[in-house]
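# no sequence for this one, just the structure:
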């Protein structure tokens, strides 16, 4: 028996038809600006160089206003209309915040732009008292937050989405999708104005009328895309939803009847969840490389804290320490508000743990301690700020070293081979190398490939007394398309004892030309300073 027959796929569709105006009214209420509920309000957006209604509240709807209506016509019908400009970015952020809140019900949450969501609740509805209880919980909670919401549950996302537009609150049993939407108008499918108009002209006014025709006839007349959409709406297969976040490898969570708000309770909860998570991973011989703790507040706000590790973590004490470091270093402290009613700990990236003999290997213990130290520092200041340097196979000085995150490249850095310095010889490269070479003024130099006798750098004149070089470095023509010039590097010392690493960018009468095509003088640069 297949898994699909045991647990048929169940999709919960949420639609917030007045999201733009609800967002604005929630902001007005939270800012204490007040609102006269008797005044109809709308949100307008520019369409074809004209302002049209993008969203409207219940009062405006009762006056006969509708989405897509020109603003001028709406003002003629209601002079006291309150008008707000649309903010698509803010609307998308609000929808994303609602999706974060919905993660408490299922980790498989997808956006249904512009004002909807899909929740894959397959196998998890019983945790909330069944599908009906889950649907009511969602609608009531969002309603308390000031959002008008429509919801429905079906075996396919297209069917559930259609029901939210026509019969909010409907729960369709598996296999009953075709009968549930049979009587709805063809516009409910959301296929677009052109196809909807074509269906009506053909006398197909309801979804049932369209379903009564053969699929080949529908495909020939309206295209394969619409034919597939219709099949999915009727429950005949369905495309999987596209979750906003990848499903973690392991998830553990704790729900509270009474919200928690103290640091002690939060730490204790994370510790217990870490024990459970480690026990689950240990059964399959895995360790966590990326961990995320999500804190769900009672007012719908969700805060997520992420830590990464250089090696797979197999001890809960390590997880506790990393999250303590991360929480203590937050620039924006974890605000519990009225409390957290759920805490979730997930391992989004795991690896198989390879057992090694370490009792007689002192270096292995040193490496473990170094990796643990790097993880703690990275948890406090960020993984991108703890780096190691790796050698690159190139002669270009500024590209010869790669700075990489230490957590992910520690082993490579410990095994890296660097050029060995010859004893009793001065270093070939400066201790301090500038990220970008700085130009210097050279009044004259020995032609064609000699050093300068003096130069000006940062408004100071330096007289050259000792010179080593040149060391010629040709650019990588196969990577640079021949745009960079040949460099002649010199190790020089001035009269004050300062030692510089300078180079001439280009060859005389060979690579540098002026606007007329005549040979020009190459530029000079200082690239680093010796100790």
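Structure received. These numbers were taken from a predicted model, which means no experiment stands behind them.

# strands of the stretch 101-250 of the chain, residue ranges please.
109-112, 116-120, 150-154, 250-260 (DSSP state E, counting those that start in this stretch).

# show me how far the third one is from its chain's centre.
When you say that, I think you mean strand 150-154. Distance, stretch centre to chain centre, for strand 150-154: 28 Å (CA atoms, centre = their mean, to the nearest Å).

# wait, a strand at residue 280?
No - looking at residue 280 with DSSP: H, G, I helix; E, B strand; the rest coil, it is helix, so not inside a strand.

# how about it: what's its closest non-neighbour residue?
Using CB to CB, 6 or more residues apart in numbering and skipping residues adjacent in sequence, the residue nearest residue 280 is residue 250, 5.4 Å away. Backbone N, C-alpha and C define where each C-beta goes, glycine included.

# neighbours around that neighbour, how many?
18 (other CB atoms under 10 Å).

# which ones are touching it?
Listed by CB atoms under 8 Å, 6 or more residues apart in numbering, the contact partners of residue 250 are 277, 280, 281, 288, 346, 347, 350.

# by neighbours, which of those residues wins?
Busiest of the contacts of residue 250 [other CB under 10 Å] is residue 288, holding 29 neighbours.

# give me the beta-bridge partners of that residue?
Beta-bridge partners for residue 288, by DSSP bridges, are residue 313, residue 350.

# does it touch residue 309 like I think?
Yes - Residue 288 is in contact with residue 309 according to CB atoms under 8 Å; the separation is 6.9 Å.

# which one of the strands of the stretch 101-250 of the chain lies nearest to residue 317?
Distance to residue 317, taken as CB to CB, is lowest for strand 250-260 among those, at 16.4 Å.

# the closest one - what's its average pLDDT?
For strand 250-260, mean pLDDT rounds to 93.

# got it, and stretch 51-66?
Stretch 51-66 carries an average pLDDT of 91.

# any idea how far apart the tips of it sit?
13 Å (CA to CA, to the nearest Å).

# with stretch 44-59 instead?
Note: stretch 44-59 ends 16 Å apart using CA to CA.

# can you list contacts of that stretch?
By CB under 8 Å, 6+ apart, the residues outside stretch 44-59 that reach it are 17-22, 25, 37-43, 60, 65-72, 74, 83-86, 88, 148.

# list only those of those residues flagged as buried.
Neighbour-count burial (16 or more other CB atoms under 10 Å) applied to those gives 17-22, 25, 40-43, 60, 65, 69, 71, 74, 84, 86, 148.

# quick one, grab the pLDDT at the closest residue to residue 237 other than its chain neighbours.
Spatial nearest neighbour of residue 237, excluding adjacent residues (CB to CB, 6+ apart): residue 231 at 6.0 Å. If you check residue 231, the pLDDT there is 91.

# any shared contact partners between residue 288 and residue 309?
With CB under 8 Å, 6+ apart, residue 288 and residue 309 have no common neighbours.

# let's have the strands of the stretch 101-250 of the chain in a markdown table, adding distance to residue 327.
Formatted as a markdown table, those follow (distance: least, CB to CB, whole Å):
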| stretch | distance to residue 327 |
| --- | --- |
| strand 109-112 | 25 |
| strand 116-120 | 29 |
| strand 150-154 | 35 |
| strand 250-260 | 14 |
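
# distance between the ends of stretch 308-325?
End-to-end span of stretch 308-325 (CA to CA): 12 Å.

# now find how far off-centre that stretch is within its chain.
Taking mean C-alpha positions (CA atoms, centre = their mean), stretch 308-325 and its chain are 23 Å apart.

# the helices in the stretch 201-350 of the chain, which residues?
With DSSP state H, counting those that start in this stretch as the criterion, the stretch 201-350 of the chain has helices at 207-211, 215-222, 224-233, 263-282, 316-328.

# buried residues, stretch 258-277. List them.
The neighbour-count check on stretch 258-277 (16+ other CB under 10 Å) flags 259, 260, 265, 266, 269, 270, 271, 273, 274, 275, 277 as buried.

# quick one: contacts of it?
250, 252-254, 288, 293, 295, 297-298, 316, 319-320, 323-324, 334, 336-341, 343-347.

# let's see it at 6 Å
With contact meaning CB atoms under 6 Å, 6 or more residues apart in numbering, stretch 258-277 is reached by 250, 252, 254, 298, 316, 319-320, 323, 336, 339-341, 343, 345.

# cool, and stretch 217-228?
191, 195, 215.

# export those residues to CSV and append columns for distance to residue 144, pLDDT and neighbour count.
Converted to CSV, the contacts of stretch 217-228 look like this (distance: CB to CB, whole Å; pLDDT from 0 to 100; neighbours: other CB atoms under 10 Å):
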residue, distance to residue 144, pLDDT, neighbour count
191, 34, 86, 20
195, 38, 90, 19
215, 44, 87, 14
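
# now render these as JSON lines, adding distance to residue 496.
JSON lines is the format used below for the contacts of stretch 217-228 (distance: CB to CB, whole Å):
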{"residue": "191", "distance to residue 496": "80"}
{"residue": "195", "distance to residue 496": "81"}
{"residue": "215", "distance to residue 496": "88"}
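
# from these, which is closest to residue 408?
For the contacts of stretch 217-228, the nearest to residue 408 is residue 191 (46.6 Å; CB to CB).

# residues near the closest residue in space to residue 67 that isn't next to it in sequence, how many?
Closest residue to residue 67 in three dimensions, ignoring its sequence neighbours and counting by CB to CB, 6+ apart: residue 53, at 5.3 Å. By the criterion of other CB under 10 Å, residue 53 has 24 neighbours.

# my guess is residue 53 is in a helix, correct?
No - the assignment for residue 53, made by three-state DSSP, is strand rather than a helix.

# picking that back up, so how far is residue 210 from the residue nearest to residue 237?
As defined by CB to CB, to the nearest Å, residue 231 lies at a distance of 11 Å from residue 210.

# what do you get for residue 57?
Residue 57 is 34 Å from residue 210, by CB to CB.

# next: residue 256.
Taking CB to CB, one finds residue 256 at 49 Å from residue 210.

# swap in residue 379?
According to CB to CB, residue 379 and residue 210 sit 57 Å apart.

# show me which of these two is the more surrounded one.
residue 379 (26 against 22).

# ok, that one - contacts?
Residues in contact with residue 379 (CB under 6 Å, 6+ apart) are 307, 322, 325, 326.

# just residue 178 next, same as before
Going by CB under 6 Å, 6+ apart, residue 178 touches 234, 235.

# per-residue pLDDT of it, please?
At residue 178, pLDDT is 91.

# residue 360 too?
In this model, residue 360 is scored at 52, pLDDT.

# also residue 174?
Model confidence at residue 174 (pLDDT) stands at 87.

# that's all I had, so thanks and see you.
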